[in-house]
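Novice: have a look at this fold, sequence not included:
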């Protein structure tokens, strides 16, 4: 019988060492497990959340700007924000060139945008089209995300750009009403915490940290049709006469509501890169002050009549030039003796200066101030100018005379429309308004009989031989005043053939409802005078405005009343413009 093999046994000491090592390993594992699970569990879980939980913005929409008829002038349209999670996106640099080409960027520009972002959120492109967002998502690059948002779209484009202003890439107001009412229009974005995977894809919304809040809407007094016609007509005149810029305002004479406010040059804020020059979206009607010329003469007459410095029946000899402290005041067309109506109709500078010199300086200054000159409008436009109206105490005799001719004072187009509304409505200054629902504020600034006389006299300006004959509208009586001011050359003199051309008028003449001021600044072509440049802009725009608002012409028996002015030739118009209606 074979002897069984003996299994060697470890020495008892070595066996104890092996068991001790096994137990020690288990103890270390248990200790480590205890440390991870209990001692450091909270901290490690927090670290995990930091790696896989992200705070992302929740988009909200900016308020909409509406016209008086409910048409949106600035609204939100779908857009996307393309962003990256740098911690994930950086691991796929080999595909950055592909992403850059899709976004229309260079690889270096893409890298800079990623570097400018935070640890987990970097903007690559804002306010992009949804189609571009879909194309980017189709690339399937980890860490690249597309978020639905909105951008501002302006349906009338350049027609309203200077009026409304612009928003910047962050959808905040950058100019115009968009900036002035940014606190009202701005939306408040929300925040949410989401769980993402290793590729940066959102798996779960953990919780909403802050709910988004949309901006408030803004309802303007603007009539889109009148705004459109005013812009087209003004743009044509600006291009034809070579004016540096131009502006126009149409206003209701009783309520002060502004129905149109246009400015050229302009730009299309919907076109990328179109509005790079601030001059293209500056609202010249409130931001550009200029020497207005003879459109100031009716307020000299108003001050003179209200203070009884002159009689309504007064007559003045204007045959000889008037010399005042070494300065000579002349007329472009010589007349003999003129009453006040004819001084306004023919725009006699000699006659206006004589009326001004008979009127106390303080009374003249007070009338200008009461009519709104020298005051900044409260329409919400940052940087709106008040113009320049020097204190009357500093007026010498020459300034006393020439300020009545629109020199030595600067005004805005809005101020002119505002002031003439008082002549049209019976002597009340009405605060201009751009927002619907505002309480009307008015105060009397001249006796009603003064306003009535001026309204009647100013109708002759748009009749044959008047300087504003080109403002006449068939079937309607029109009242107004031309103004032409030579541009100062900065050397104590004036440029030749460079002018500010202005017309301010209201219609219908016997029962005025609307007032319009038109200014073309620094024009240098053709007959660059107020009666030739600005008056036709008034005529075309006002005719459409009266039709738009159903303000019918007066009827004489069974037929519409005929305009007193017959058809006129261009040569006659130039003669009647008297060199532009100084």
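Specialist: Cool, the structure landed. Keep in mind it's a predicted model, so treat the numbers as computed, not measured.
Novice: longest helix of this protein?
Specialist: helix 12-34 (DSSP state H).
Novice: so what's the gap between it and the chain middle?
Specialist: A distance of 81 Å separates the C-alpha centroid of helix 12-34 from that of its chain, computed with CA atoms, centre = their mean, to the nearest Å.
Novice: what are the boundaries of the strands in the stretch 451-582 of the chain?
Specialist: All strands of the stretch 451-582 of the chain, identified by DSSP state E, counting those that start in this stretch, fall at 479-488, 494-507, 514-523, 555-556, 559-560.
Novice: and the first one, what's buried?
Specialist: To tie it back to what came earlier, the one meant is strand 479-488. Neighbour counts over strand 479-488 (16 or more other CB atoms under 10 Å) mark 479, 480, 481, 482, 483, 484, 485, 486, 487 as buried. (C-beta placed from N, C-alpha, C; glycine too.)
Novice: want to throw the residues you listed into a markdown table with distance to residue 123 and pLDDT?
Specialist: Listed next are the buried residues of strand 479-488 as a markdown table, based on distance: CB to CB, whole Å; pLDDT from 0 to 100:
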| residue | distance to residue 123 | pLDDT |
| --- | --- | --- |
| 479 | 56 | 95 |
| 480 | 53 | 95 |
| 481 | 54 | 95 |
| 482 | 54 | 94 |
| 483 | 51 | 92 |
| 484 | 52 | 89 |
| 485 | 49 | 86 |
| 486 | 52 | 81 |
| 487 | 46 | 79 |
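Novice: looking at the residues you listed, which is nearest residue 132?
Specialist: Proximity of the buried residues of strand 479-488 to residue 132 was ranked by CB to CB; the top entry is residue 487 with 47.9 Å.
Novice: could I get the phi/psi values of the residue nearest the centre of the chain?
Specialist: Using CA atoms, centre = their mean, the residue of the chain that lies closest to the mean C-alpha position is residue 163, 3.0 Å off. When quoted as degrees, to the nearest 10, the phi and psi of residue 163 stand at phi -70, psi -50.
Novice: I figured it hits residue 263, correct?
Specialist: Yes. Assessed by CB atoms under 8 Å, residue 163 is found in contact with residue 263 at 7.4 Å.
Novice: any shared contact partners between the two?
Specialist: residue 283 (CB atoms under 8 Å, 6 or more residues apart in numbering).
Novice: quick one: the residue nearest to residue 237 when sequence neighbours are not counted from residue 512, how far?
Specialist: Leaving aside its sequence neighbours, residue 237 sits nearest to residue 537 (CB to CB, 6 or more residues apart in numbering; 5.1 Å). Distance of residue 537 to residue 512, computed by CB to CB, to the nearest Å: 18 Å.
Novice: ok, which stretches of the stretch 151-300 of the chain are helices?
Specialist: For the stretch 151-300 of the chain, helices defined by DSSP state H, counting those that start in this stretch occupy the ranges 161-164, 176-180, 182-185, 224-241, 284-287, 297-306.
Novice: mean pLDDT and distance to residue 102 added to those helices, as TSV?
Specialist: As requested, the helices of the stretch 151-300 of the chain are exported to TSV (pLDDT from 0 to 100; distance: least, CB to CB, whole Å):
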stretch	mean pLDDT	distance to residue 102
helix 161-164	96	30
helix 176-180	95	30
helix 182-185	94	32
helix 224-241	94	38
helix 284-287	96	41
helix 297-306	97	62
